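Participant: show me the folded form of this:
(chains A, B and C)
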Amino acid sequence: MTSATTSTLDSQLFTTWSLNSYSDGSVVVPGGYSGRLWTGECQPQFWSKYQVWEWLQQMMDVYQIDASSMPLHNFDVDGGQLCSMSYQDFLHAAGNVGTVLYHSLAELRLTDPCQSESVHHDVKPTEFDFSCPYPDTVYPSADVCDPSFTSLPPLGSPSSSRTDTKKSHIRTDQVKKHNPRGSHLWEFIRDILLYPERNPGLIKWEDRTEGVFRFLKSEAVAQLWGRRKNNSSMTYEKLSRAMRYYYKREILERVDGRRLVYKFGRNARGWREQET
DNA sequence: GCTATTTTTCCTGCTT
DNA sequence: CAAGCAGGAAAAATAG
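Facilitator: Numbering: from 1, shown residues only, chains lettered A, B, ... in the order given. As a prediction, the model looks like this:
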């Protein structure tokens, strides 16, 4: 359904991010961009850990892989290490899902050098660590932080249309469950929070152990959420309404006075440092 | 298709 | 003033 007209998307991404939210459906393209943007370097071999992570997110989204069957900790490696993993290693690290990952990665490695025409104001992966010295200007953070949703697998090769999905019958009870990983807003927020090194100042922990966090770029997060839900007219105003509904369910706790600050409640799970 | 949740939209009023 | 926060209502999406 969604055709990815990649070329124009870049610019539209910019538009999206710089528009202040009142873009009544006229701007943002539904669907997604091809997985190119998030690949700062081109070759998987040169990916940083966070790029590997990004790739994994893409895979999970594209193939609807359940987070529970995708042990991210087994992939705390950089591109070089990732590429040196054998098929067996993948199976080991991710079970059946490993098959998909392995093949997808293989695809990627075959495809061309790179795009590298990403963003002129490119930020090096190394600078993502916490610091995030971004001013107030809106930047196209989608390329580095979109934890989600693409309708196409990021296999930039037109040659092999879709060697993936069916080739290996990956939809063994692990893949393609229901609506696996965070399909809920609070989970989406949580996931952004969980990996600060890849979160370029969108949301920030205020108190990690207490589960207090703050939106730094409310509209940007809203846009991201909108992208996830394929809703181009999402705004922080609306997103926050949904957040407020969480109070009653105790997924979030109210935090007085402080703007853009929320706190996970007893019914929110999976956000703590180490815990189930 | 139906039901129960969740989220999205919109809105009025209040607070920072 | 602009941007957030609060919730109520009701429509739209989703999950099952």
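Participant: could you measure from A:Met257 over to DNA strand C?
Facilitator: In this structure residue A:257 is Gly, not Met. Separation of A:Gly257 from DNA strand C (Cβ to the nearest atom of the strand, to the nearest Å) stands at 8 Å. Backbone N, C-alpha and C define where each C-beta goes, glycine included.
Participant: can I assume that residue sits in a strand?
Facilitator: No. Under DSSP: H, G, I helix; E, B strand; the rest coil, A:Gly257 falls outside any strand and is assigned coil.
Participant: that one - how many residues pack around it?
Facilitator: 5 (other Cβ atoms under 10 Å).
Participant: so A:Ile189 makes contact with A:Ile203?
Facilitator: Yes. Look at A:Ile189 against A:Ile203 with Cβ atoms under 8 Å: they come within range, at 6.6 Å.
Participant: higher neighbour count, those two?
Facilitator: Using other Cβ under 10 Å as the criterion, A:Ile189 and A:Ile203 rank with A:Ile189 on top: 27 against 23.
Participant: how many other residues sit next to A:Met195?
Facilitator: No, residue A:195 isn't Met; it's Tyr. 17.
Participant: how about it, nearest residue that isn't a chain neighbour?
Facilitator: Closest residue in space to A:Tyr195, ignoring its immediate chain neighbours: A:Trp53 at 6.4 Å, by Cβ to Cβ, 6 or more residues apart in numbering.
Participant: would the one you found count as being in a helix?
Facilitator: Yes. Assessed with three-state DSSP, A:Trp53 lies in a helix.
Participant: around DNA strand C, which positions in the stretch 151-276 of chain A sit nearby?
Facilitator: The stretch 151-276 of chain A has residues A:178-179, A:183, A:218-219, A:229-230, A:236, A:240-241, A:244, A:247, A:254, A:256, A:258-261 near DNA strand C, with proximity defined as Cβ under 7 Å from any atom of the strand.
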